[in-house]
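Asks: Show me how the following folds:
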Amino acid sequence: MARIKGVTKEEAPDEVRAVFQKQEQNYGAVLNTAPIYGLRPTIQNGVQALADGIMASGLIDPQLKHLVCMKTASINGCPY
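Replies: Numbers count the residues shown, from 1 in each chain. As a prediction, this is how the structure comes out:
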C-alpha cells in the first residue's frame with residue numbers, strides 16, 4: 001500500500017488528466033508514479049520533460065531502456 005495517496009482521474013486537474021490519458025494510450029494503464037506526481041502538476045511536468053529529453057536524445061537505445069526499466073522494477077519488487 002502506498003504511503004502517499006495519489007490523485008485520481010476524477011480529482012485531477014485537466015493538465016494531469018491529459019497525462020493520464022496519454023499514458024493509458026501508450027502503456028494501456030496509468031503508470032504507478034503518475035498519481036503521486038499529479039498531486040503537484042509542476043513536478044509532473046518537470047519529470048515528464050526530463051523523461052522526454054532523455055528519450056529524444058537518442059543516447060539510450062529503446063531496447064536497452066526497456067531492459068533497464070524491467071530490471072529496476074524487479075529490484076524494487078514492482079510489476080512492469
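Asks: mind showing which ranges of this structure have poor pLDDT?
Replies: Where the chain drops to pLDDT under 70, the residues are 1-2, 80.
Asks: Grab the longest helix from it for me.
Replies: When the chain is parsed with DSSP state H, its longest helix is helix 41-57.
Asks: ranges for the helices of the protein?
Replies: Per DSSP H, the chain carries helices over the ranges 14-27, 34-37, 41-57, 62-76.
Asks: what helices or strands is the first one leaning on?
Replies: Put plainly, it is helix 14-27. With contacts defined as 3 or more C-beta pairs under 8 Å, 6 or more residues apart in numbering; DSSP states H and E, the packing partners of helix 14-27 are helix 34-37, helix 41-57. For the C-beta atoms, the positions are set from N, CA and C on the backbone; glycine is no exception.
Asks: dump the residue contacts of Asn45.
Replies: Counting by C-beta atoms under 8 Å, 6 or more residues apart in numbering, Asn45 touches Glu15.
Asks: any idea how far it is from Ala51?
Replies: Applying C-beta to C-beta, to the nearest Å, the value for Asn45 to Ala51 is 11 Å.
Asks: Point me to the residue sitting farthest from the middle of the chain.
Replies: Leu59 (19.8 Å; C-alpha atoms, centre = their mean).
Asks: tally of neighbours for Asp14?
Replies: When counting by other C-beta atoms under 10 Å, one arrives at 7 neighbours for Asp14.
Asks: Give me the phi and psi for Glu10.
Replies: phi -70, psi -30 (degrees, to the nearest 10).
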